[in-house]
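Q: Need a 3D model of the following:
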Amino acid sequence: MFATDSTAYVWGIYDGSGEPIEMTPSSYFAEFVFSRNYCESTIIGVNRIIKSGNALENITEMFPGVKFVEFHIPGGEKDSLEELDWGSLRLGFEELDGRLWLTVIQNSRWTI
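A: Model prediction:
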């Protein structure tokens, strides 16, 4: 089972250092995917990006035809550092054989 897999995979690179993000699936999901309780999202978008930081937002270019839902938690007060403390979780679904399958899990937040 993927959730209990003890293999360390390379998931990408850390912002700022460029070092590889090498973690087990459970560690990666805890730090990068479920870093917040997105069940408490106050803003939900369907097939639209609600908030974008300085990262490339290319979900529809990388996955043509994907349908996605964004669960967004806004940051703090405007014009404060807390304003940058926002987060979004996007779940993308693609159709195969008449069924929708979860194919994209994307966490978006402010980075350096």
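
Q: okay, CA-based contacts and neighbour counts for the rest of this
A: Noted.

Q: so what are the domain limits for this structure?
A: With domains defined by automatic domain parsing, the chain comprises 1-33, 36-112.

Q: Go through these and find the least confident stretch.
A: Ranked by mean pLDDT, those bottom out at domain 36-112, with a mean of 84.

Q: Check the offset of that domain from the chain's centre.
A: 6 Å (Cα atoms, centre = their mean, to the nearest Å).

Q: what ranges do the helices span in this structure?
A: All helices of the chain, identified by DSSP state H, fall at 25-28, 59-62.

Q: so how far does stretch 55-69 reach from one end to the other?
A: Length of stretch 55-69, first residue to last, Cα to Cα, to the nearest Å: 18 Å.

Q: Looking at strand pairing, list the partners for the spatially closest residue to Leu100 that is not a sequence neighbour.
A: Ranked by Cα to Cα, 6 or more residues apart in numbering and with sequence neighbours excluded, the top spatial neighbour of Leu100 is Glu94, at 5.4 Å. Bridge pairing for Glu94 (DSSP bridges) gives the partners Trp101.

Q: distance of Glu94 from Ser27?
A: 26 Å.

Q: neighbour count winner among these two?
A: Glu94 (17 against 14; other Cα atoms under 10 Å).

Q: so who does that one touch?
A: When contacts are counted by Cα atoms under 8 Å, 6 or more residues apart in numbering, Glu94 touches 65-67, 100-103.
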